[in-house]
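1. here is a sequence with its predicted model. Questions after.
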Amino acid sequence: YNFGGFFSTLNFSNTLLEELEAAFYPAVIKSNQITDAKELDYLSALGNHEAAHVKFLRGVLGNNATFQTSDLSFNRQGLSMLLSDRNKILNTAVTLEDLGIHAYNGAGPSLTNPTYILAAGSIVSVEARHAAGMRALLGRPTTEADNERLIKNADLQTNLNPFKGCAYDELYTPKQIVSVVSSFGILNNSINGSLVA
């Protein structure tokens, strides 16, 4: 499926990430790689949150949604690699949740519709809690260190990122989000089109 045409940041990169997370967590539960009951409960709760986010975003976007869930084709081999053991699963979850934070923050400056601003603002804080919780399960610091970011300082769009450092989350562009999502190798879809820079 070709995601062609113009996409708003909320409509495309954020909805795509939510779709991936909503598919990832149930697959984690089915993988049987997480054996601790508390971790299973937590991952199941995250899956429910992500499914609620997808439903909420699709309700907000209505007929303006760029693609439907059924349009996504998951690469089972790529997904299986991410589900191969507990540490791989939890570290992938950290990456997805951190990426979601950067994506929602990146969408903020281009959003003018008050409903979209409300949607992004209300979800980004939940994504941050998810990331901190996943990091805690791994015994990692609860905030993302600069050396863990997938987009380095030199590649950040400077006008979107006047503040940098551990007290701020950097803003990623849709093209950067799509590049990272593509690197996971879990979608058969080609992700292209004219994206907002």
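-> Good, I have the coordinates. Quantities reported herein were computed from a predicted structural model and do not represent experimental measurements.
2. low-confidence ranges, this structure, go.
-> When residues are selected by pLDDT under 70, those of the chain lie in 1-13, 67-68, 165-166, 190-197.
3. can you give me the helices for it?
-> Remark: helices assigned in the chain by DSSP state H are 15-31, 37-61, 76-82, 86-107, 114-137, 174-183.
4. may I have stretch 98-107 as PDB, with CA atoms only?
-> Output in PDB follows, covering the C-alpha atoms of stretch 98-107 (Å, rounded to 0.1, in the frame of the first residue of the first chain):
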ATOM      1  CA  ASP A  98      10.300   7.400  23.200                       C
ATOM      2  CA  LEU A  99       9.700   7.800  19.400                       C
ATOM      3  CA  GLY A 100       6.000   8.500  20.100                       C
ATOM      4  CA  ILE A 101       7.000  11.300  22.500                       C
ATOM      5  CA  HIS A 102       9.300  12.900  19.900                       C
ATOM      6  CA  ALA A 103       6.600  12.500  17.300                       C
ATOM      7  CA  TYR A 104       3.800  14.100  19.300                       C
ATOM      8  CA  ASN A 105       6.100  17.000  20.300                       C
ATOM      9  CA  GLY A 106       7.100  17.400  16.700                       C
ATOM     10  CA  ALA A 107       3.500  17.600  15.600                       C
END
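5. hmm, who's touching that stretch?
-> Surrounding stretch 98-107, the residues in contact under the criterion CB atoms under 8 Å, 6 or more residues apart in numbering are 8-10, 13-14, 17-18, 21, 120-121, 123-124, 127-128, 130-131, 144, 148-151, 160, 169-174, 176-177, 180-181. Where C-beta positions appear, they are placed from N, C-alpha and C, glycine not excepted.
6. derive a ChimeraX selection command for the buried subset of these.
-> Per 16 or more other CB atoms under 10 Å, the buried members of the contacts of stretch 98-107 correspond to this ChimeraX selection:
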select :8,9,10,13,14,17,18,21,120,123,124,127,128,130,131,144,149,150,151,160,169,170,171,172,173,174,176,177,180,181
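7. OK, contacts around Ala131?
-> Val94, Glu97, Asp98, Gly100, Ile101, Thr142, Glu144.
8. no, scratch that, I was asking about Tyr172
-> By CB under 8 Å, 6+ apart, the neighbours of Tyr172 are Leu99, His102, Ala103, Asn105, Gly106, Ile151, Leu156, Val180.
9. narrow those to those that are buried.
-> Counted by 16+ other CB under 10 Å, those give Leu99, His102, Ala103, Asn105, Gly106, Ile151, Leu156, Val180 as buried.
10. nearest to Leu57 among those residues?
-> Checking these against Leu57 by CB to CB gives Ala103 as the nearest, at 12.0 Å.
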